[in-house]
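Participant: predicted model and sequence below, questions to follow.
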Amino acid sequence: MRGQKNRWKSIGLHLSNSRERLPGIIEDLQLENAGIKAEKKGIIVDKHMRTSNPRVYAGGDCTAEGMQLIPVATLQGKIAAANIFEENGVEIDYTGIPSAVFTIPVLASVGINEAEVNDRHRVIFRERSKWNTTRRAGLEFEAPKVILDKTNDGIAGAHILGPNAEEAINIFAMAMQLGLKAFTA
């Protein structure tokens, strides 16, 4: 990059698409020689996606941080890039990262799950197996579950089992990311 007084001497890129091989790859890279700490799960990063070497950032499946999902890797990459150019001005926030299991029917979720529910939460569950749309889709079971935070009426989690759940869950993810309140009548 010309005109920036050698601010960046080099840019390195390493891609891996095999999570099972990651421990071997990390060892092969000899990251400790660059002052980068790693563990079995991956490279250790802080809330800015910076490694133990303050000149090196990491994101995606190579890190020990976050779930191994495409939206997480995308978010981590954006945070790392922003912090490279903005001197660590942006922190990672994993609120509202959706995931889906592509079974029949699809199961999608975002936020907290049933095991994390406590007195602060209200769970709304609607079994829709007998609905016309469920039977028309040829399914035996369909249901959404929404977990609300009673203290602020925010959405703490959502789970959808049914057709197009992988798309519908994004509505809840967006509401959580924007801090929208739930309307309950």
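Facilitator: Structure received. Numbering: from 1, shown residues only.
Participant: going by C-alpha atoms from here, please, whenever you check contacts or count neighbours.
Facilitator: Will do.
Participant: what's the neighbour count on residue 74?
Facilitator: The number of residues packed near residue 74 is 13, by other Cα atoms under 10 Å.
Participant: distance between the strand or helix carrying it and the chain's centre?
Facilitator: Here residue 74 sits within helix 70-86, counting by DSSP states H and E. Between the centre of helix 70-86 and the centre of its chain there are 12 Å (Cα atoms, centre = their mean, to the nearest Å).
Participant: got the buried residues for that helix?
Facilitator: 72-73, 75-84 (16 or more other Cα atoms under 10 Å).
Participant: repeat that for stretch 43-58.
Facilitator: Under 16+ other Cα under 10 Å, the buried positions of stretch 43-58 are 43-45, 48-52, 56-58.
Participant: how about residues contacting that stretch?
Facilitator: 26, 34-38, 59, 62-65, 76-77, 79-80, 83-84, 88-92 (Cα atoms under 8 Å, 6 or more residues apart in numbering).
Participant: is it possible to mark the buried ones in those?
Facilitator: Applying 16+ other Cα under 10 Å to those flags 26, 36-38, 59, 62-65, 76-77, 79-80, 83-84, 88, 90 as buried.
Participant: circling back: so of the buried residues of stretch 43-58, which ones are in strands?
Facilitator: residue 43 (DSSP state E).
Participant: can you list the buried residues of stretch 43-58 in TSV and add pLDDT and distance to residue 132?
Facilitator: Shown next, in TSV, are those (pLDDT from 0 to 100; distance: Cα to Cα, whole Å):
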residue	pLDDT	distance to residue 132
43	93	49
44	95	50
45	96	49
48	96	48
49	96	47
50	95	51
51	95	53
52	96	56
56	93	55
57	94	51
58	93	48
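Participant: widest-spaced pair of the buried residues of stretch 43-58?
Facilitator: 43 and 48 (13.3 Å; Cα to Cα).
Participant: and the helices in the protein?
Facilitator: Per DSSP state H, the chain carries helices over the ranges 22-29, 70-86, 132-136, 165-178.
Participant: which one of those helices lies nearest to residue 146?
Facilitator: The nearest among those, by Cα to Cα, is helix 165-178 at 8.9 Å.
Participant: which elements pack onto the closest one?
Facilitator: Judged by 3 or more Cα pairs under 8 Å, 6 or more residues apart in numbering; DSSP states H and E, helix 165-178 is in contact with strand 99-101, strand 107-111, strand 154-161.
Participant: need phi/psi at residue 91.
Facilitator: Note on residue 91: its backbone torsions stand at phi -110, psi 150 [degrees, to the nearest 10].
Participant: tell me the pLDDT of it.
Facilitator: On pLDDT, residue 91 comes in at 96.
Participant: got it, and residue 136?
Facilitator: pLDDT for residue 136: 73.
Participant: ok, now how distant is it from residue 129?
Facilitator: According to Cα to Cα, to the nearest Å, residue 136 and residue 129 sit 11 Å apart.
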